[in-house]
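Trainee: I would like the atomic coordinates for the input below:
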Amino acid sequence: MKPNLLGIDIGGTKCAVIYGVDKDGELSIEDKVRFETTDVQSTIDNIIRELKAMCERHGLDASNTNGVGISCGGPLSSKTGVVMSPPNLPGWDNIPIVKYVEDAVGIPASLQNDANACAFAEWKYGAGRGTQNMIFLTFGTGLGAGIIIEGKLYSGTNDNAGEIGHVRLADFGPVGYGKAGSVEGFCSGGGIAQLGSMKAKEKFMMGGKVAWCPTGDLNAITCKDVAFAGQYDGDELAKEVFEISGTYLGKALSMLIDILNPEAIVIGSVFTRHEVLLRDAMQKVIDREALPAAAGVCEVRPAALGEAIGDVAALSLAAAL
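Mentor: Numbers count the residues shown, from 1 in each chain. Model (predicted):
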């Protein structure tokens, strides 16, 4: 593999062009440019302009650069390199971004949805390093997932593999992924905020007070509010909210463990920051529900790449080319 890597991270509000170097499996980020995501054509023009400028600054071309990895929200086609109307990118309808990039700089490019790209990043450079079979869960605002099987990213027939967030775990419950009672409903920042609102409402109706909702505005409750109260103030109601989330997380992980038999499940964002509130409830369910032989070889780990994961995700796709 050539050591120089280029990455493009396309988000709903901001984009980034990143230059990194892989030295014997250790990744260093050498340069990065961020800019606003605006209308479709202006954003594409900015991506291409900044990518060309990055290549000129560092003397990068096809002879010394392994590839350009492009991470973007789905839906998209990784096989054809086309972005297909993601909800966070209005107007990005059938945009052949890989062709645009390859035509501009003459370096091979690869496109993946952001959850898959993050999975590959954690597998290659983060908490999943050294495994052959790994699952990554975002556990952020929503719940995205990516799957590594036998050292390769598995994206399915049309890039929809691993959407565990859409699976319904209960007939009623917080809404995530457009479905009440889904895994995303119970196991995401947005879902925890909904659970917090439900529990606070119960308390208010019984004449009680909720320290993390002093105004009584249920719509103002955030995952951060509940987590801070539970982790740092020892608030019992807040801890109960996270116990519910952890319990349903355990149910989802038990299914993944039984079906895919991974060595590791790496979980990001909320789990990484508040593992202490989720781990015990999650593990109790895994111990009860998952096949012991499969659970015994699977370690649930917090993600390791932190705030750098978006940059590393794009660069890791370039490393895979």
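
Trainee: Need the pLDDT of the residue lying closest to residue 116 once chain neighbours are set aside.
Mentor: Using Cβ to Cβ, 6 or more residues apart in numbering and skipping the chain neighbours, the partner closest in space to residue 116 is residue 146 (4.2 Å). Every residue, glycine included, has its C-beta placed from N, CA and C. You'll see residue 146 listed with a pLDDT of 96.

Trainee: Also residue 108?
Mentor: The model reports residue 108 with a pLDDT of 98.

Trainee: i'd like the first residue to be 331 from this point on
Mentor: Happy to do that; since the first residue is 331 now, the last one works out to residue 438.

Trainee: Pretty sure it sits against residue 391.
Mentor: No. Checked against Cβ atoms under 8 Å, the pair residue 438 and residue 391 is beyond contact range at 11.7 Å.

Trainee: circling back: I'd assumed the residue nearest to residue 446 was in a strand, is it?
Mentor: Yes. With DSSP: H, G, I helix; E, B strand; the rest coil as the criterion, residue 476 is part of a strand.

Trainee: So it versus residue 579, what's the distance?
Mentor: To residue 579, residue 476 is 17 Å away according to Cβ to Cβ, to the nearest Å.

Trainee: Residue 604 now?
Mentor: 12 Å.

Trainee: Now do the strands in the stretch 331-480 of the chain.
Mentor: Secondary structure of the stretch 331-480 of the chain (DSSP state E, counting those that start in this stretch): strands at 334-340, 344-353, 356-366, 395-402, 406-407, 412-413, 439-443, 464-467, 475-479.

Trainee: Now distance to residue 583 and mean neighbour count too, for the ones you listed, in CSV please.
Mentor: Output for the strands of the stretch 331-480 of the chain, formatted as CSV (distance: least, Cβ to Cβ, whole Å; neighbours: other Cβ atoms under 10 Å):
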stretch, distance to residue 583, mean neighbour count
strand 334-340, 28, 27
strand 344-353, 31, 20
strand 356-366, 28, 14
strand 395-402, 25, 26
strand 406-407, 27, 24
strand 412-413, 31, 21
strand 439-443, 21, 25
strand 464-467, 8, 30
strand 475-479, 11, 23
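
Trainee: Quick check: buried residues in stretch 484-495?
Mentor: Neighbour-count burial for stretch 484-495 flags 484-485, 489, 491-495 (criterion: 16 or more other Cβ atoms under 10 Å).

Trainee: And these, which is closest to residue 335?
Mentor: The shortest approach to residue 335 among the buried residues of stretch 484-495 belongs to residue 485, at 20.2 Å (Cβ to Cβ).

Trainee: which ones are touching the closest one?
Mentor: Contacts for residue 485 (Cβ atoms under 8 Å, 6 or more residues apart in numbering) come out as 408, 442-443, 446, 491-492.

Trainee: Let me know the closest of those residues to residue 338.
Mentor: residue 442 (11.2 Å).

Trainee: Skipping adjacent residues, who's closest to residue 489 in space?
Mentor: residue 408 (5.4 Å).
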